[in-house]
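Chemist: next comes the sequence, and after it the predicted model I'd like to discuss.
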Amino acid sequence: MKILFMFFLIFSTLFGSDVKWEKDYATALKQAKLLHKPMMFIISNHNCRYCVQLASTTLKDPKVIQKINTNYIAAIVYVDEDPLFPRELYVGGTPATWFIKGDGEPLFEPLMGAVDAASFQKALDIVSSEYAKVVPKK
């Protein structure tokens, strides 16, 4: 029985994971500050084919999920739901992926469009590296 349980636990960890999304921008920003991690903030739209593509491919990739859940605080909003978030982050197109410090300042301009998983992983690695340089761990 223990072997079956361990198999299920490993299988679900490897293949059943999703990005751990915070409920909104404000909560994610508080968590990012508290945990000294960058926030990955995606502005999306349910009616945008590139948003759907990003969500159904890149954000379902196990390696991308692992990097996000380990190194980031993640939040996503859908502009067609009129969510609360700083409007200066809306650049007119979706999806827009921002990487934000705990003080609310963006690290870079947003990553725009449905970026493939390999390129997204590279971006996550670059952001993690740059974040470590500008925001020392406490």
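Modeler: Great, that's in hand. Residues are numbered from 1 along each chain as shown.

Chemist: ok, and the closest non-adjacent residue to residue 102?
Modeler: residue 33 (3.2 Å; Cβ to Cβ, 6 or more residues apart in numbering). In short, each C-beta sits where N, CA and C put it, glycine included.

Chemist: pretty sure the one you found sits against residue 100.
Modeler: No - applying Cβ atoms under 8 Å, one finds residue 33 not in contact with residue 100, separated by 10.2 Å.

Chemist: more neighbours: the two, which one.
Modeler: residue 100 (26 against 16; other Cβ atoms under 10 Å).

Chemist: phi, psi for the more buried one please.
Modeler: Main-chain dihedrals, residue 100, degrees, to the nearest 10: phi -130, psi 140.

Chemist: again with the one 3 residues further on
Modeler: Recorded main-chain torsions at residue 103 are phi -90, psi 0, according to degrees, to the nearest 10.

Chemist: then residue 97?
Modeler: Dihedral angles for residue 97 - degrees, to the nearest 10 - are phi -110, psi 110.

Chemist: now do the one 4 residues further on
Modeler: Taking degrees, to the nearest 10, you get phi -80, psi 160 for the backbone angles of residue 101.

Chemist: report the longest helix in the protein, please.
Modeler: The single longest helix within the chain, with elements called by DSSP state H, is helix 117-134.

Chemist: can you list the strands that the helix or strand where residue 40 lies pairs with?
Modeler: For residue 40, the host element (DSSP states H and E) is strand 39-44. In the sheet, strand 39-44 lines up against strand 73-78 (parallel), strand 96-100 (antiparallel) (DSSP bridges).

Chemist: out of the ones you listed, which comes closest to residue 124?
Modeler: Closest of those to residue 124 is strand 96-100, at 8.6 Å (criterion: Cβ to Cβ).

Chemist: quick revisit: any idea of the angle the strand holding residue 40 forms with helix 117-134?
Modeler: Computed by axes from the mean of the first three to the mean of the last three Cα atoms, to 10 degrees, the angle separating strand 39-44 from helix 117-134 equals 140 degrees.

Chemist: just checking, next helix/strand downstream of strand 39-44?
Modeler: Taking DSSP H and E, what comes next after strand 39-44 is helix 49-56.

Chemist: quick one: the residue lying closest to residue 55 once chain neighbours are set aside from residue 102, how far?
Modeler: Nearest-residue entry for residue 55: residue 44, 7.1 Å, with adjacent residues in sequence omitted and distances by Cβ to Cβ, 6+ apart. Relative to residue 102, residue 44 is positioned 22 Å away (Cβ to Cβ, to the nearest Å).

Chemist: good, wrapping up.
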